[in-house]
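J.: sequence first, then the predicted structure:
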Amino acid sequence: MSYTTKIDPEVIQELLAPGYAPIETGYFRLPNGVMHAKALLRMPNCKGKMVDWWFGYVHDTVSYKFWHPDHAYFKWDEKRTPGHYIGATHQGQEYLGGKLAKVQIKFHDPAEIFDISQFKAANIGAVIYAIVIKDTGEPDGHMIHCCRDTEYGCDMRTRFWFSEAPDEVGRAVMTHHLEEMGNLAEFLPGLYHRETKGK
(Lines give C-alpha, C1' and ligand atoms only; values in the text may rest on other atoms or scores of the structure.)
Protein backbone atom coordinates (compact mmCIF):
# COMPACT_ATOMS: atom_id res chain seq x y z
CA MET A 1 0.00 0.00 0.00
CA SER A 2 1.22 3.46 -0.83
CA TYR A 3 -0.37 6.66 0.33
CA THR A 4 -2.62 6.62 -2.74
CA THR A 5 -4.15 3.26 -1.86
CA LYS A 6 -7.57 3.48 -0.29
CA ILE A 7 -7.97 2.20 3.24
CA ASP A 8 -9.51 -1.28 3.24
CA PRO A 9 -13.28 -0.93 3.82
CA GLU A 10 -13.01 -3.86 6.25
CA VAL A 11 -10.88 -1.67 8.53
CA ILE A 12 -13.57 1.00 8.56
CA GLN A 13 -16.31 -1.52 9.37
CA GLU A 14 -14.14 -3.04 12.09
CA LEU A 15 -13.92 0.34 13.79
CA LEU A 16 -17.70 0.83 13.57
CA ALA A 17 -18.55 -2.66 14.80
CA PRO A 18 -19.27 -3.40 18.47
CA GLY A 19 -16.59 -5.13 20.48
CA TYR A 20 -12.93 -5.23 19.56
CA ALA A 21 -10.66 -6.63 16.87
CA PRO A 22 -8.55 -9.73 17.63
CA ILE A 23 -5.52 -7.43 17.81
CA GLU A 24 -6.04 -3.86 19.03
CA THR A 25 -2.48 -2.93 20.02
CA GLY A 26 0.66 -3.90 18.13
CA TYR A 27 2.69 -3.29 15.01
CA PHE A 28 3.40 -5.53 12.05
CA ARG A 29 4.16 -5.48 8.36
CA LEU A 30 1.30 -6.13 5.99
CA PRO A 31 1.75 -8.54 3.04
CA ASN A 32 2.15 -5.56 0.69
CA GLY A 33 5.09 -4.26 2.73
CA VAL A 34 3.33 -1.42 4.53
CA MET A 35 4.09 -0.92 8.23
CA HIS A 36 0.86 -1.00 10.23
CA ALA A 37 0.56 0.05 13.88
CA LYS A 38 -2.56 -0.19 16.06
CA ALA A 39 -3.38 0.96 19.57
CA LEU A 40 -6.31 0.84 21.96
CA LEU A 41 -6.41 3.37 24.77
CA ARG A 42 -9.21 3.71 27.30
CA MET A 43 -9.78 7.33 28.29
CA PRO A 44 -11.82 7.71 31.52
CA ASN A 45 -13.97 10.85 31.78
CA CYS A 46 -13.15 11.80 28.16
CA LYS A 47 -15.71 11.81 25.37
CA GLY A 48 -14.99 11.79 21.66
CA LYS A 49 -16.15 15.39 21.30
CA MET A 50 -13.46 16.41 23.80
CA VAL A 51 -10.73 14.70 21.76
CA ASP A 52 -11.98 16.43 18.62
CA TRP A 53 -11.94 19.73 20.54
CA TRP A 54 -8.31 19.12 21.57
CA PHE A 55 -7.13 18.85 17.97
CA GLY A 56 -8.75 22.22 17.31
CA TYR A 57 -7.23 23.63 20.49
CA VAL A 58 -3.55 22.63 20.32
CA HIS A 59 -1.96 25.59 18.59
CA ASP A 60 1.72 26.13 19.38
CA THR A 61 4.89 24.51 20.65
CA VAL A 62 3.97 25.22 24.29
CA SER A 63 0.67 23.34 24.11
CA TYR A 64 2.33 20.63 21.99
CA LYS A 65 5.06 20.05 24.58
CA PHE A 66 2.45 20.02 27.35
CA TRP A 67 0.91 17.07 25.51
CA HIS A 68 4.16 15.05 25.65
CA PRO A 69 7.69 16.07 26.75
CA ASP A 70 9.18 14.45 23.62
CA HIS A 71 7.39 17.01 21.45
CA ALA A 72 9.86 19.66 20.34
CA TYR A 73 8.20 21.97 17.78
CA PHE A 74 4.72 22.65 16.40
CA LYS A 75 3.19 24.98 13.83
CA TRP A 76 -0.07 25.03 11.84
CA ASP A 77 -0.32 26.25 8.26
CA GLU A 78 -2.59 29.13 7.26
CA LYS A 79 -5.62 26.87 6.73
CA ARG A 80 -6.11 26.35 10.46
CA THR A 81 -8.43 28.70 12.33
CA PRO A 82 -9.03 28.64 16.10
CA GLY A 83 -11.08 25.59 16.94
CA HIS A 84 -11.00 24.21 13.38
CA TYR A 85 -8.31 21.87 12.08
CA ILE A 86 -9.89 19.86 9.24
CA GLY A 87 -8.19 20.85 5.99
CA ALA A 88 -5.16 22.21 7.80
CA THR A 89 -1.65 20.76 8.06
CA HIS A 90 0.63 20.91 11.05
CA GLN A 91 4.40 20.63 11.06
CA GLY A 92 5.91 19.06 14.12
CA GLN A 93 9.13 17.71 15.50
CA GLU A 94 9.13 14.98 18.11
CA TYR A 95 11.41 12.29 19.43
CA LEU A 96 10.43 8.78 18.37
CA GLY A 97 12.53 5.98 19.78
CA GLY A 98 15.11 8.54 20.87
CA LYS A 99 15.48 10.04 17.38
CA LEU A 100 14.14 13.44 16.35
CA ALA A 101 11.52 13.05 13.63
CA LYS A 102 10.02 15.80 11.50
CA VAL A 103 6.36 15.17 10.71
CA GLN A 104 3.68 16.85 8.65
CA ILE A 105 0.09 15.78 9.17
CA LYS A 106 -2.82 16.99 7.04
CA PHE A 107 -6.26 16.52 8.56
CA HIS A 108 -9.20 15.44 6.43
CA ASP A 109 -12.94 15.17 6.94
CA PRO A 110 -13.67 11.64 8.21
CA ALA A 111 -16.66 11.56 5.85
CA GLU A 112 -14.10 10.94 3.09
CA ILE A 113 -13.66 7.37 4.33
CA PHE A 114 -16.51 6.73 6.81
CA ASP A 115 -20.26 6.61 6.43
CA ILE A 116 -20.83 9.08 9.25
CA SER A 117 -24.53 8.23 9.34
CA GLN A 118 -23.42 5.09 11.21
CA PHE A 119 -21.65 7.02 13.98
CA LYS A 120 -24.64 7.42 16.31
CA ALA A 121 -25.56 3.74 16.33
CA ALA A 122 -21.90 2.82 16.88
CA ASN A 123 -21.47 5.39 19.70
CA ILE A 124 -18.69 7.09 17.76
CA GLY A 125 -18.03 10.44 19.40
CA ALA A 126 -15.30 11.53 16.99
CA VAL A 127 -12.99 10.35 14.25
CA ILE A 128 -9.75 12.17 13.52
CA TYR A 129 -8.46 11.24 10.06
CA ALA A 130 -5.21 12.47 8.56
CA ILE A 131 -2.58 11.82 5.93
CA VAL A 132 1.08 11.77 6.98
CA ILE A 133 3.40 13.70 4.66
CA LYS A 134 7.13 13.15 4.16
CA ASP A 135 9.76 15.89 4.27
CA THR A 136 9.67 15.89 0.45
CA GLY A 137 6.03 16.92 0.55
CA GLU A 138 4.81 13.56 -0.69
CA PRO A 139 2.14 11.74 1.33
CA ASP A 140 3.44 8.64 3.06
CA GLY A 141 0.61 7.14 5.10
CA HIS A 142 -2.70 7.38 6.92
CA MET A 143 -3.77 7.87 10.52
CA ILE A 144 -7.17 7.27 12.13
CA HIS A 145 -8.16 7.96 15.73
CA CYS A 146 -11.64 6.51 16.26
CA CYS A 147 -13.21 7.46 19.60
CA ARG A 148 -16.09 5.28 20.77
CA ASP A 149 -17.98 6.76 23.69
CA THR A 150 -18.53 4.45 26.66
CA GLU A 151 -20.10 4.65 30.11
CA TYR A 152 -16.72 5.53 31.63
CA GLY A 153 -15.48 7.89 28.92
CA CYS A 154 -14.28 6.65 25.55
CA ASP A 155 -12.11 4.09 23.82
CA MET A 156 -9.62 5.52 21.37
CA ARG A 157 -8.84 2.93 18.70
CA THR A 158 -6.03 4.11 16.46
CA ARG A 159 -4.66 2.82 13.17
CA PHE A 160 -1.46 3.95 11.40
CA TRP A 161 -0.14 2.96 7.97
CA PHE A 162 3.30 3.94 6.62
CA SER A 163 4.32 3.06 3.08
CA GLU A 164 8.04 3.37 3.84
CA ALA A 165 9.08 2.56 7.39
CA PRO A 166 11.32 0.04 9.16
CA ASP A 167 10.00 -2.08 12.01
CA GLU A 168 11.45 0.20 14.67
CA VAL A 169 9.29 3.07 13.39
CA GLY A 170 6.16 1.01 13.91
CA ARG A 171 7.22 0.23 17.46
CA ALA A 172 8.21 3.83 18.22
CA VAL A 173 4.98 5.30 16.79
CA MET A 174 2.82 2.85 18.73
CA THR A 175 4.69 3.51 21.99
CA HIS A 176 4.68 7.28 21.57
CA HIS A 177 0.98 7.28 20.72
CA LEU A 178 0.08 5.35 23.86
CA GLU A 179 2.15 7.76 25.95
CA GLU A 180 0.81 10.98 24.47
CA MET A 181 -2.81 9.88 24.44
CA GLY A 182 -2.40 8.54 27.98
CA ASN A 183 -1.18 11.99 28.98
CA LEU A 184 -4.11 13.56 27.14
CA ALA A 185 -6.56 11.37 29.02
CA GLU A 186 -5.15 12.71 32.29
CA PHE A 187 -5.44 16.44 31.59
CA LEU A 188 -8.12 16.75 28.89
CA PRO A 189 -11.26 16.55 31.10
CA GLY A 190 -10.14 19.44 33.31
CA LEU A 191 -8.82 21.53 30.42
CA TYR A 192 -11.94 20.99 28.32
CA HIS A 193 -14.33 21.99 31.09
CA ARG A 194 -12.23 24.99 32.04
CA GLU A 195 -11.95 26.30 28.47
CA THR A 196 -15.48 25.52 27.30
CA LYS A 197 -17.36 25.88 30.60
CA GLY A 198 -18.55 22.31 30.06
CA LYS A 199 -20.42 22.97 26.80
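T.: Yes, it's here. Residues are numbered from 1 along each chain as shown.
J.: going forward, measure contacts between C-alpha atoms and count neighbours the same way
T.: Fine.
J.: and K38, what element?
T.: Using DSSP states H and E, K38 sits within strand 35-44.
J.: hmm, who's touching that strand?
T.: For strand 35-44, the external contacting residues (Cα atoms under 8 Å, 6 or more residues apart in numbering) are 24-30, 152-167, 170-171, 173-174, 177-178, 181-182, 185.
J.: how far off centre is that strand?
T.: On the basis of Cα atoms, centre = their mean, to the nearest Å, strand 35-44 sits 9 Å off its chain's mean C-alpha point.
J.: buried residues of that strand, list them for me.
T.: Buried residues in strand 35-44, defined by neighbour count with 16 or more other Cα atoms under 10 Å: M35, H36, A37, K38, A39, L40, L41, R42, M43.
J.: repeat that for stretch 116-131.
T.: Result for stretch 116-131 [16+ other Cα under 10 Å]: buried residues N123, I124, G125, A126, V127, I128, Y129, A130, I131.
J.: contacts for that stretch?
T.: Here stretch 116-131 makes contact (Cα under 8 Å, 6+ apart) with 3, 16-18, 47-49, 51-52, 105-110, 139-150.
J.: can you tell me which of those residues are in strands?
T.: Assigned to strands by DSSP state E, the following of these qualify: 105-108, 139-149.
J.: now list the buried members of these.
T.: By neighbour count, with 16+ other Cα under 10 Å, the ones in strands among the contacts of stretch 116-131 hold 105-108, 139-149 as buried.
J.: how near is the residue lying closest to A39 once chain neighbours are set aside to G153?
T.: Leaving aside its sequence neighbours, A39 sits nearest to T25 (Cα to Cα, 6 or more residues apart in numbering; 4.0 Å). Taking Cα to Cα, to the nearest Å as the measure, T25 falls 19 Å from G153.
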